[in-house]
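*Asks:* any chance you can model this:
(2 chains)
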Number of protein chains: 2
Amino acid sequence: MDAIITLDIGGTNTRCALFHAEKDDPVSIDRIETTTESASAIDNISQLIERNWPKDRSVAGIAAAAPGSIDVVQNKVILAPNIPNWRDFPLGEILQKRFGVKVLVNNDARMAAVGEWKRGAGRGHNDILYFTVSTGLGGGVITGGRILQGAVGIATEVGHIVLQDDGPACGCGRFGHFEAFSSGTGIHNYVCGKIKAGAPTILKSSSPSTKEIAEAAKAGDALALEAFNRAGYYLGIGVANYLHIFNPSCVIFGGGVSQSGDLIFKPFRASLEQHVLSPNYLANLKIAVAELGDNAGLIGTFEYMKQNL
Amino acid sequence: MDAIITLDIGGTNTRCALFHAEKDDPVSIDRIETTTESASAIDNISQLIERNWPKDRSVAGIAAAAPGSIDVVQNKVILAPNIPNWRDFPLGEILQKRFGVKVLVNNDARMAAVGEWKRGAGRGHNDILYFTVSTGLGGGVITGGRILQGAVGIATEVGHIVLQDDGPACGCGRFGHFEAFSSGTGIHNYVCGKIKAGAPTILKSSSPSTKEIAEAAKAGDALALEAFNRAGYYLGIGVANYLHIFNPSCVIFGGGVSQSGDLIFKPFRASLEQHVLSPNYLANLKIAVAELGDNAGLIGTFEYMKQNL
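*Replies:* Coordinates of the predicted model:
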């Protein structure tokens, strides 16, 4: 049987997994630091692939997950926030020429969604919403047992829907997006604004991390609690919107902010029940945290490649 | 070849078409007034089917489009706003028992989307958003060449996403939904509120119809123009949200409000360009008005039945 190599090109690290096509789990996982300068980024990724190339079997394909907008028809990076020069960058074509095998490129959050669908919290479901709530708010959607990608692959930018036209600035430059309310950055920005305005808090820093805010909230700090309540409230609005759009049987939360438990999920659930159009959307709905952790993307790209061979 | 009978159960009329499976266009179209009282509603619909039953060929199936929430797995009406007693109403099962043929039931806006996809403005596209902007704001989505339905069929309630948490009341009882801003009812309610508050206008009635408001806008009335500008502005926000979610190659507008031309589409286009995440979502995007008019639902259910025979 053939081997499949998968990559997860993240903001900090690029990880590489070698799979044997007949086995579910990777044979090996390797990593390097992500180079943000584009010319050496592609060379470093190529070296990572080379050193993980199997000696004992042929490679059927390489599948890469990258953050940002990906054209999945041309396997091209339209825009990657962490590698500024990768604009309309033909990642798939370059790797295909270097290694002479089939190459697929797709969005990292979508590939994590595929991983959770095939091997994680979404197993057995055909209609899944996956949200990764961390610095940003991304995700992927499975509908009718298929990956939602859109005409060129830039669908499911789930964090970039307007929830409040006059809301806070989003990382994308627009206003009032779901991500601007419910991501780690949204929580951070809200707290910083309140501290600047003189709100009392036990937080020492004027620019605390989401983790520090979570700790302060657990210690009962009113401002930190308010920040998580607000993020959870808008998470409920956003997810209710998506239930009305997709009627899934399973909603999965990954990412760092999803680790904060009741701090975010208690206000989330109250808001979801308040905003959902009818109880039918919640009947038989599984709401779960992601199971695959950091490996979701590597596993998802492996499953994605297998589907497309 | 067999015949297929389709129904479009609307708020005012119920229409019935007889198709020959091998032909695109209906052999005949018939209509009755919709009875809102549930017991006679089903009897009247049955009589409509009987009088359109073909004498010269067998019937392969009956497909019905109805407004409201439809369980497409059980072919059951969960909730139909215009027939109050149709709650968890087994329309498919009743018709199947009476006529002894396969019966499918689905949402009317979704079936209109299928009609436009197969035979109207969406021909040749695999990723389509269809919006019907009239009294309410409904729609349907084709993604990757498949009809988006969700786990039980209550997906694509496209009008019921929150655009502004503290926004106007929606017909569903919640607040700030897309429908509450951009539907005919949204336009009407906005104008009524402003008239009550003493805004100057050439409108005579304190409760003008959307048509009257459109006429006043064409005559240069500032309030009426403001109402359409506002509806178009939020239509741009809502559609931008959906472009980010679905990355379609085609967006189609049906329904009465879509007939008002530049009044709504000029502010819509400006708002869409303002709110879209990147020009990639607009590149190669066809934006069109629906082509099939009142027959979209009858044709869509015919195509839907053919897909499922």
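*Asks:* average pLDDT for the lengthiest helix in chain A?
*Replies:* What stands out as the longest helix in chain A, according to DSSP state H, is helix A:222-246. The pLDDT scores in helix A:222-246 average 98.
*Asks:* now the terminal residues of stretch A:75-86, how far apart.
*Replies:* 13 Å (Cα to Cα, to the nearest Å).
*Asks:* same deal with stretch A:69-85?
*Replies:* Stretch A:69-85 has its terminal residues 13 Å apart, counting by Cα to Cα.
*Asks:* so what's A:Trp288 scoring on pLDDT?
*Replies:* Trp isn't right for residue A:288; it's Ala. Per-residue confidence (pLDDT) for A:Ala288: 98.
*Asks:* do you know how far A:Ile42 is from A:Thr14?
*Replies:* Separation of A:Ile42 from A:Thr14 (Cβ to Cβ, to the nearest Å) stands at 11 Å. No exception for glycine: its C-beta is placed from N, CA and C like everyone else's.
*Asks:* between the two, who's got more neighbours?
*Replies:* Per other Cβ atoms under 10 Å in any protein chain shown, whichever of A:Ile42 and A:Thr14 has more neighbours is A:Thr14, with 22 against 17.
*Asks:* for that one, phi and psi?
*Replies:* Phi and psi for A:Thr14, reported as degrees, to the nearest 10, are phi -110, psi 120.
*Asks:* tell me how far the one helix or strand A:Ile4 maps to lies from the chain's centre.
*Replies:* A:Ile4 is part of strand A:3-9 when elements are defined by DSSP states H and E. With Cα atoms, centre = their mean, to the nearest Å as the basis, strand A:3-9 stands 17 Å off its chain's centre.
*Asks:* contacts for it next, please.
*Replies:* The contact list for strand A:3-9, computed with Cβ atoms under 8 Å, 6 or more residues apart in numbering or on different chains, reads A:14-21, A:26-27, A:34, A:45, A:48-49, A:52-54, A:57-67, A:80, A:83, A:108, A:111, A:297-299, A:301-302, A:305-306.
*Asks:* neighbouring strands - and their directions - for it?
*Replies:* According to DSSP bridges, strand A:3-9 forms sheet pairs with strand A:13-20 (antiparallel), strand A:59-66 (parallel).
*Asks:* any idea which helix or strand comes after the longest helix of chain A?
*Replies:* Heading C-terminal from helix A:222-246 (DSSP H and E), you reach strand A:250-254.
*Asks:* that following strand and chain B in contact?
*Replies:* No: against chain B, strand A:250-254 shows no contacts by Cβ under 8 Å from any Cβ of the partner chain, the least distance being 8.6 Å.
*Asks:* and whatever helix or strand comes next after that strand, what's its mean pLDDT?
*Replies:* Next in sequence after strand A:250-254, counting helices and strands by DSSP H and E, comes helix A:262-275. Averaged across helix A:262-275, pLDDT comes to 98.
*Asks:* just want the angle from helix A:262-275 to helix A:222-246.
*Replies:* Here helix A:262-275 points in a direction 50 degrees away from that of helix A:222-246 (axes from the mean of the first three to the mean of the last three Cα atoms, to 10 degrees).
*Asks:* circling back to that earlier point, check whether the longest helix of chain A comes near chain B.
*Replies:* Yes: counting by Cβ under 8 Å from any Cβ, chain B has neighbours in helix A:222-246: A:237, A:240-241, A:244-246.
*Asks:* which residues belonging to that helix are considered buried?
*Replies:* Buried residues in helix A:222-246, counted by 16 or more other Cβ atoms under 10 Å in any protein chain shown: A:223-246.
*Asks:* over to stretch A:19-36?
*Replies:* For stretch A:19-36, burial by neighbour count (16+ other Cβ under 10 Å) applies to A:19-21, A:26, A:29, A:34.
*Asks:* from the chain's centroid, how far away is that stretch?
*Replies:* Per Cα atoms, centre = their mean, the centroid offset for stretch A:19-36 relative to its chain is 18 Å.
*Asks:* convert it to CSV, retaining C-alpha atoms only.
*Replies:* In CSV, the C-alpha atoms belonging to stretch A:19-36 read as follows (Å, rounded to 0.1, in the frame of the first residue of the first chain):
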residue,chain,number,x,y,z
PHE,A,19,0.6,7.9,7.0
HIS,A,20,0.3,4.5,5.5
ALA,A,21,-2.9,4.5,3.5
GLU,A,22,-4.2,1.4,5.1
LYS,A,23,-3.7,2.6,8.7
ASP,A,24,-5.7,5.2,10.6
ASP,A,25,-2.9,6.6,12.7
PRO,A,26,0.3,8.4,11.5
VAL,A,27,3.5,6.4,11.3
SER,A,28,5.4,9.5,12.4
ILE,A,29,4.9,13.2,13.1
ASP,A,30,7.6,15.8,12.6
ARG,A,31,7.7,19.6,13.0
ILE,A,32,9.7,22.7,12.2
GLU,A,33,9.1,26.3,13.0
THR,A,34,7.1,28.1,10.4
THR,A,35,9.1,30.6,8.4
THR,A,36,7.1,33.6,7.6
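*Asks:* list of residues touching that stretch?
*Replies:* Contacts of stretch A:19-36 (Cβ under 8 Å, 6+ apart): A:1-6, A:9-18, A:41, A:44-45, A:47-48, A:51-52, A:54, A:57, A:60, A:82-84, A:119, A:295, A:298-299, A:302, A:306.
*Asks:* just the buried members of those residues?
*Replies:* A:3-6, A:9-10, A:14-18, A:41, A:44-45, A:48, A:52, A:54, A:60, A:83, A:119, A:295, A:298-299, A:302.
*Asks:* mind pulling up the pLDDT for the residue nearest the centre of chain A?
*Replies:* Note on chain A: the residue nearest the mean C-alpha position is A:Ala109, at 3.1 Å, using Cα atoms, centre = their mean. Per-residue pLDDT puts A:Ala109 at 97.
*Asks:* what about it, distance to B:Asn229?
*Replies:* Applying Cβ to Cβ, the value for A:Ala109 to B:Asn229 is 36 Å.
*Asks:* skipping adjacent residues, who's closest to A:Leu225 in space?
*Replies:* Once flanking residues are discounted, A:Leu225 sits nearest to A:Ala217: 4.8 Å by Cβ to Cβ, 6 or more residues apart in numbering or on different chains.
*Asks:* residue contacts, the one you found?
*Replies:* A:224-225, A:227-228, A:263.
*Asks:* could you do A:Ala41 as well?
*Replies:* Counting by Cβ under 8 Å, 6+ apart, A:Ala41 touches A:34-35, A:83, A:86.
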